[in-house]
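1. quick one, fold the following:
(chains A and B)
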Amino acid sequence: MKNTYKTLTSDKTSRLRRTLTLLLALVIAISAVNMPAIFADGEDSSEGEQMQPKNGITKIEDLNNKTIGVQTGVLYEDEIKDEIEGEEWMYYKMPNDMIAALEANKIDAYLIEEVGFYAQRYEHPELMRLEEKAGQSEFAVIIGNNDKQDTLYKQMQEFIAEGKKSGWLDQLYDYWVKNWNPNTCKIENVPTTTGENGKVIIAIEGGYEPFSFETANGVSGYDVEFMMNFCAKYGYQWDFWTMEFDSIAPGAISGKYDFGMNIVVDEERAEDSVLTDWYYVCDLVFVVEGEYETEMGFFERMAYNFNKTFIREDRWKLFLEGMGRTMMITVLSIVFGTILGFAAYMACRHGNKVANFITGVINWLIEGIPTVVFLMILAFVIFGKSTLAADWISIIGFTFIFGCGMYGMLQVGFGAIHKGQFEAATAMGYSDTQSFFKILLPQAAQHFLPIYKSNVVSLIKETSVVGYIAVRDLTKMGDLVRSRTYLAFFALIAVAILYFVMEAVLVFIVKRVQIKVDPRRRSKDKILEGIKEAE
Amino acid sequence: MIELRHLRKEYEGTTPLEDVNITINNGDIIAVIGPSGTGKSTLLRCINMLETPTSGEVVVDGQVINDGKCDLNEVRKKMGMVFQSFNLFGHLTVIENIMNPQITLLGRSRQEAYDKAMDLLNKVGLWAKALSYPDELSGGQQQRIAIARTLAMDPEIILFDEPTSALDPSMIGEVQSIIRMIAKTGRTMMIVTHEMDFAKKIANRVIFMSEGIVYEEGTPKEIFEHPKKELTRKFIQRLSTITYRIESRDFDFEAVAEELQQYAEKLLIENERTSKLQLCLEELVMNNLFEFEGDPNIFVSIDYSEKSDILSLELKYAGEHFDPETCDSLLFKSILAEPTTTLLDETVTGKWYTNHTKIDFKWEDQ
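-> Numbering: from 1, shown residues only, chains lettered A, B, ... in the order given. Reported below is the predicted structural model:
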């Protein structure tokens, strides 16, 4: 017993040491990247002069045989592909990931709409655009493929046409896009809606300034103000769902969402979905990294980054909210999954053919499908038409995933018990239930609890993909903050640390349970409770 | 009183119990003996319904228990069972192994159960191990605890399923003496065993099972000393005789060596003597008789006579004659040359065989 205890402690210390080493390594790596900035401190910066691109790319033809980044699902590359030769396209989830890729020299340039570039340059003055336009894109609204489709389509077309005619759309575009300032731009007057025609679900990216972005007071941006005004005019209640950009169109096509924002107008897309006329038009530009020297010192820069990531707009609240949601999804999935797995085992353990068949098929499916795909199937196919909250869909998904693990654990745990244990109990007159709970379960628990512990840890990590189905969990919140700040370091580290904290808490609880139910850790007093020992 | 009426148990492809009829009276101590695989353990496990009989009836105190209507758990509380593999509950201490069933099944108070358990632990001489876990004990100790656990339930009958088969030979004695102690208290018992000596001394009835039926039944004296039927006689005789028929060159000499080892242990024959016998057998059969053409057909019999202290190897075979004296092996020759070894080699006119070779091994302490 002493030995076990020792291993547990040394395990803990080594885990801690590993974590610290990892953090240290990350800090060193980041500081190395920022090193030039430290030495540049105090020198005169060459402001006013034209910035020069680091890799000498100044024209579109310079991009031949280069690697170019573009956001997944926007299809901008179709506009310019024919004019470049031998290029390689790299696809990124979020526009800001492309900045990091550019600075790490993974890509030589990236393609983005002009608007996005201006927003990014606010925090990254080292970015510069090529003078030549790479094209132009029109952006439309996708209407969800459900029974409201016809009405919503007509209303939206009317709304856009009127907005163009009256100049309201131009005003809105000037305010949010042309004169964009992340510190001052906000929705001045939130319109009031009667909400008499019910609720509409609006899918937005949520990490895409200035169109839709997260603030501590909820989502904001061009798309949000646009849709609020639409809803106010036609008497709808708005419900904004943030998600990965590439989930927006599939979700709308499945009918789950009523509106999907910021969809690039494309012929192929128009074939199988209902797109409105464009509601804004925007140039596309290539962005490269320029020669730029910051005036800020290392620590100054760190403090600035920290402040931006956590303090400004109370962004720390977003991390806590995400952590809360991740914890809720994990804990509920563990609780329900444990019950589900246990129930399945109880139904199957006497060889009931129907129960075994059903359990076998479910196990086979869930083990064979990647988690993200399984969740998307749940969200967009099985619950495609239902308005069940995404949080609950992910809980259902992970309940099944954890339940399958639990079922497997129970099989292993009970399988490891010699059949003589059951026979001895039966021969003495223990009923089936009595022998299961009093003799078999306590022994099986010792076999499966260690696996249970590692399953809990992998579950909490696995939940980080729920952003795909519009759940604002910790990972997604980190992404949203990153997309606001254009700074990766603190947001990612904070997310990692918070995952560690949650894992530590859950593992601690499971370990307590494990010790509690370990018959070998009982004291003599406990074993002989309430007994007078005769001499 | 327990009655077994036309009990039959079938598995796919095998029928360990054909038709068994036994009446167990209160106070009986029944030893069940017989060759391996003749359904002795299955019979025992049918009595407390660990195995469900295919047909027939198990009647306990006038009540049929295998008709599906009977509350088996209540019946089982009256029957104790001691297993070959002990089956103590691994997650519980020794004292809890004995206490918990009393509390759960008989509704005794913790104190009552504890007192009873300590009393029994005293009787089996293991009170000092009360707080140990089963895996900290030797096999013999575990089996003694298992017996105490069974006794704590105050069963009307105890079924022993080869209680000493899994034990190291040095521990068989301690367990047997506990069982003898219980036998003296007049409790009804049924024991499946391979220890003939033990069966002979403890039982008042011996049942010889063969081919799924009660082949012969009687007092220990009747069965062990004057068996009436052929298979019983062969079985009793085989206790001191081993026979093989070698009909293929793939014959498994390893198995012979193993059986010989057990045989020697049981009859207290010196290892050196059995190894000599093994050597002679392999030399004669493997190295010489197998050289002849055609499939071998050799009858081997190994016999030990306690009275004269002679271990003998006998070979009977048909076909060409082989003279052991012409053997090339130096080792074999040196064994033959020993004064304690006697060789008899002859040709005979039997119906099945024409050659007869017999080697006797005596023992002299150097």
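
2. strands along the stretch 1-150 of chain B, start to end?
-> B:2-11, B:14-24, B:29-33, B:55-60, B:63-64, B:79-82 (DSSP state E, counting those that start in this stretch).

3. mind putting those in a markdown table, mean pLDDT included?
-> Shown next, in a markdown table, are the strands of the stretch 1-150 of chain B (pLDDT from 0 to 100):
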| stretch | mean pLDDT |
| --- | --- |
| strand B:2-11 | 93 |
| strand B:14-24 | 92 |
| strand B:29-33 | 95 |
| strand B:55-60 | 93 |
| strand B:63-64 | 91 |
| strand B:79-82 | 95 |
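
4. out of those, which is closest to chain A?
-> strand B:79-82 (4.1 Å; C-beta to the nearest C-beta). Where C-beta positions appear, they are placed from N, C-alpha and C, glycine not excepted.

5. do the closest one and chain A meet at all?
-> Yes - Strand B:79-82 reaches chain A (C-beta under 8 Å from any C-beta of the partner chain) through B:M79, B:G80, B:M81.

6. residue ranges in chain B under the pLDDT threshold?
-> In the predicted model, chain B carries pLDDT under 70 at residues B:306-307, B:365-366.

7. contact partners of stretch B:84-97?
-> With C-beta atoms under 8 Å, 6 or more residues apart in numbering or on different chains as the test, stretch B:84-97 has contacts from A:418, A:420-421, A:423-425, A:439, A:442-443, A:446, A:519-520, A:527-528, B:100, B:114, B:117-118, B:121, B:126, B:129-135, B:137, B:139, B:142-143, B:145-146, B:149, B:161-163, B:165-166.

8. pull up the distance across it, start to finish.
-> With C-alpha to C-alpha, to the nearest Å as the measure, stretch B:84-97 spans 17 Å from end to end.

9. off-centre distance for it?
-> Distance, stretch centre to chain centre, for stretch B:84-97: 24 Å (C-alpha atoms, centre = their mean, to the nearest Å).

10. you'd agree A:T463 is up against A:F398?
-> Yes - judged on C-beta atoms under 8 Å, A:T463 makes contact with A:F398 at a distance of 6.3 Å.

11. follow-up on the earlier one: so can I have a markdown table of the strands of the stretch 1-150 of chain B showing mean neighbour count and distance to A:G341?
-> What follows is the strands of the stretch 1-150 of chain B, written out as a markdown table (neighbours: other C-beta atoms under 10 Å in any protein chain shown; distance: least, C-beta to C-beta, whole Å):
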| stretch | mean neighbour count | distance to A:G341 |
| --- | --- | --- |
| strand B:2-11 | 18 | 33 |
| strand B:14-24 | 17 | 37 |
| strand B:29-33 | 25 | 44 |
| strand B:55-60 | 17 | 38 |
| strand B:63-64 | 12 | 40 |
| strand B:79-82 | 25 | 33 |
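
12. could I get the ones you listed as a markdown table with distance to A:T242?
-> Formatted as a markdown table, those follow (distance: least, C-beta to C-beta, whole Å):
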| stretch | distance to A:T242 |
| --- | --- |
| strand B:2-11 | 63 |
| strand B:14-24 | 67 |
| strand B:29-33 | 76 |
| strand B:55-60 | 70 |
| strand B:63-64 | 71 |
| strand B:79-82 | 65 |
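
13. can I see the domain layout of the chain?
-> Here I'm looking at chain A. A:60-134, A:136-288, A:314-522 (automatic domain parsing).

14. not what I meant, chain B
-> Domain segmentation of chain B under automatic domain parsing yields B:2-233, B:240-361.

15. check the nearest residue to A:G218 once chain neighbours are set aside and give its pLDDT.
-> Using C-beta to C-beta, 6 or more residues apart in numbering or on different chains and skipping residues adjacent in sequence, the residue nearest A:G218 is A:F240, 7.8 Å away. pLDDT for A:F240: 93.

16. ok, the host helix or strand of A:F240: who's next to it in the sheet?
-> Using DSSP states H and E, A:F240 maps to strand A:237-242. Strand pairing for strand A:237-242, using DSSP bridges, gives strand A:199-204 (parallel).

17. helices and strands around the next helix or strand after the partner strand, which ones?
-> Following strand A:199-204 in sequence order, the next helix or strand is strand A:207-208 (DSSP H and E). If you count contacts as 3 or more C-beta pairs under 8 Å, 6 or more residues apart in numbering or on different chains; DSSP states H and E, strand A:207-208 packs onto helix A:474-485.

18. starting at the chain centroid, how far to the helix it packs on?
-> 8 Å.

19. would you put the C-alpha positions of it in CSV?
-> Output of helix A:474-485 as CSV, limited to C-alpha atoms (Å, rounded to 0.1, in the frame of the first residue of the first chain):
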residue,chain,number,x,y,z
LEU,A,474,-13.0,27.1,-23.4
THR,A,475,-11.1,26.5,-26.6
LYS,A,476,-13.6,28.4,-28.7
MET,A,477,-13.5,31.3,-26.2
GLY,A,478,-9.7,31.4,-26.5
ASP,A,479,-10.1,31.5,-30.2
LEU,A,480,-12.6,34.3,-30.0
VAL,A,481,-10.3,36.3,-27.8
ARG,A,482,-7.4,35.7,-30.1
SER,A,483,-9.4,36.8,-33.0
ARG,A,484,-10.2,40.1,-31.2
THR,A,485,-6.7,40.8,-30.0
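
20. now do it: which elements does it pack against?
-> helix A:95-103, strand A:207-208, strand A:212-215, helix A:316-348, helix A:489-517.

21. what about 10 Å?
-> helix A:95-103, helix A:114-123, strand A:207-208, strand A:212-215, strand A:237-242, helix A:316-348, helix A:489-517 (3 or more C-beta pairs under 10 Å, 6 or more residues apart in numbering or on different chains; DSSP states H and E).

22. buried ones in stretch A:136-146?
-> A:S137, A:F139, A:A140, A:V141, A:I142, A:I143, A:G144, A:N145, A:N146 (16 or more other C-beta atoms under 10 Å in any protein chain shown).

23. and it, average pLDDT?
-> In this model, stretch A:136-146 carries a mean pLDDT of 90.

24. now find how far off-centre that stretch is within its chain.
-> With C-alpha atoms, centre = their mean, you get 23 Å for stretch A:136-146.
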